[in-house]
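Colleague: Sequence and predicted structure are below.
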Amino acid sequence: MKAHGLAGEIVGHAKSAETRATALEIGFVDRVAATAAEAVVGADLVVLAVPVGAMGAVAAEIGPHLAPGATVTDVGSVKQAVIDAVAPHMPEGVHFVAGHPIAGTEHSGPRSGFATLFVNRWWLLTPAPGTDPAATLRLRQLCEGMGAKVDEMDAAHHDLVLAVTSHTPHLIAYTMVGVADDLRRVTDSEVIQYSAAGFRDFTRIAASDPTMWRDVFLTNKEATLDILGRFTEELFALQRAIRLGDGDHLHAYFTRTRAIRRGIIEAGQDTAAPDFGRVQPPAGE
Ligand SMILES: NC(=O)C1=CN([C@@H]2O[C@H](COP(=O)(O)OP(=O)(O)OC[C@H]3O[C@@H](n4cnc5c(N)ncnc54)[C@H](O)[C@@H]3O)[C@@H](O)[C@H]2O)C=CC1
Ligand SMILES: O=C(O)C(=O)Cc1ccc(O)cc1
């Protein structure tokens, strides 16, 4: 927002004084406040950027201090649980429009942010029915001002889609790195030393913030369990094919998945691919 001149004054709050000092020092914000309640006084827009499980408590704290007509949004990775936790704390006349930028890295903290993070990334908005369309439009324009592509959808649909594209893949990465760690005791770190790109990407993802991801799975429970169930069924089918030496099954499956990937490329929908998640934070992080 600062890089594009989209906000007047940006006031930040974080729980730790050290994080607040860093945010101020690197010019991430114009001013910091010691409490969330103090930070929102007089704000036109409030962005909640805390782990999904903490959204409700922060909303309860700021609710009484929000200016009439203010817009509140969030960037949480799960949407229905955030709406359920935050909306009850929003006073009359305050617009809550939930949102999720599909952009980030495995790094946390103010030093991990960079001005081009949202360029050409999707930013999904999930306004609850009855939300003021003008507030949603203003937020859409703000996201677009940061270079993002914006889409609007129902929160439950968002949670199912993200369970497929982000949440379950993260869980698989965590599991695979855990398996390799068990194995490492046997192979004396060869697993890491000779890891191919696929596994290196898993270790990057598995380095993501544990609190953030714990909250994602606790709050997107139904959708993640649904997708995990389907995943394990397919995995067992492939496991069986390997055991039976059923090369036709394996070949047909891999042919189908290759066609899916090629279809995505041909449709020009792989805009996130070249550097997705590989952007390094500034030196010193
Ligand atoms: N990291 C990523 O790649 C992405 C993260 N998100 C979502 O953004 C949100 C924030 O994530 P990040 O910016 O990565 O995290 P971060 O770790 O950089 O910042 C989280 C902030 O929340 C504060 N916090 C933690 N627990 C709290 C509590 N109980 N009460 C009040 N404040 C608390 C921390 O002090 C910190 O200032 C999460 O909901 C996450 O799901 C969305 C898209 C991408
Ligand atoms: O680092 C990666 O590869 C990511 O997947 C980043 C990310 C994490 C959480 C989100 O809700 C959206 C994007």
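Modeller: Looks like it arrived, so ask away. Ligands and ions are numbered 1, 2, ... in the order given.
Colleague: before we move on, what SS does whatever residue of the chain ends up closest to ligand 1 have?
Modeller: Of all residues in the chain, Gly104 sits closest to ligand 1, at 1.8 Å by Cβ to the nearest ligand atom. To be clear about C-beta, it is placed using only N, CA and C from the backbone, and glycine gets the same treatment. Under DSSP: H, G, I helix; E, B strand; the rest coil, Gly104 falls in the coil class.
Colleague: What is the neighbour count of it?
Modeller: A count of neighbours around Gly104, defined by other Cβ atoms under 10 Å, yields 21.
Colleague: With Ala36 instead?
Modeller: With other Cβ under 10 Å as criterion, Ala36 counts 20.
Colleague: now Arg200
Modeller: By other Cβ under 10 Å, 11 other residues sit near Arg200.
Colleague: what pLDDT, on average, does the host helix or strand of it get?
Modeller: For Arg200, the element it lies in under DSSP states H and E is helix 197-205. Across helix 197-205, the average pLDDT comes to 87.
Colleague: Summarise which helices and strands that helix is packed against.
Modeller: Applying 3 or more Cβ pairs under 8 Å, 6 or more residues apart in numbering; DSSP states H and E, one finds that helix 197-205 contacts helix 168-187.
Colleague: Report the buried residues of the helix it packs on.
Modeller: Residues Thr168, Pro169, His170, Leu171, Ile172, Ala173, Tyr174, Met176, Val177, Ala180 are the ones in helix 168-187 that count as buried (16 or more other Cβ atoms under 10 Å).
Colleague: Check stretch 138-147 too.
Modeller: Leu139, Arg140, Leu142, Cys143, Met146, Gly147.
Colleague: Quick check: the fourth one is in a helix.
Modeller: By that I understand Cys143. Yes. Assessed with three-state DSSP, Cys143 lies in a helix.
Colleague: from what I can see it touches Gly99, true?
Modeller: Yes. Counting by Cβ atoms under 8 Å, Cys143 does reach Gly99; the two are 7.3 Å apart.
Colleague: Can you pull the residues that touch both of those two?
Modeller: Trp123, Leu125 (Cβ atoms under 8 Å, 6 or more residues apart in numbering).
Colleague: contacting residues around the residue lying closest to Thr22 once chain neighbours are set aside?
Modeller: The shortest distance from Thr22 to any residue other than its chain neighbours is 5.3 Å, reached at Pro110 (Cβ to Cβ, 6 or more residues apart in numbering). By Cβ under 8 Å, 6+ apart, the contact set of Pro110 is Gly12, Ala14, Thr19, Thr22, Ala23, Ile26, Phe28.
Colleague: again with Leu250
Modeller: Contacts of Leu250 by Cβ under 8 Å, 6+ apart are Leu238, Ala241, Ile242.
Colleague: do Thr165 as well
Modeller: For Thr165, the contact set (Cβ under 8 Å, 6+ apart) is empty.
Colleague: ditto for Ile264
Modeller: Counting by Cβ under 8 Å, 6+ apart, Ile264 makes contact with Asp270.
Colleague: okay, now the closest residue to Ala67 other than its chain neighbours: neighbour count?
Modeller: Among residues not flanking Ala67 along the chain, Gly42 sits closest, at 5.7 Å (Cβ to Cβ, 6+ apart). Counted with other Cβ under 10 Å, residues neighbouring Gly42 total 10.
Colleague: Give me the pLDDT value at Gly42.
Modeller: For Gly42, the predicted pLDDT is 97.
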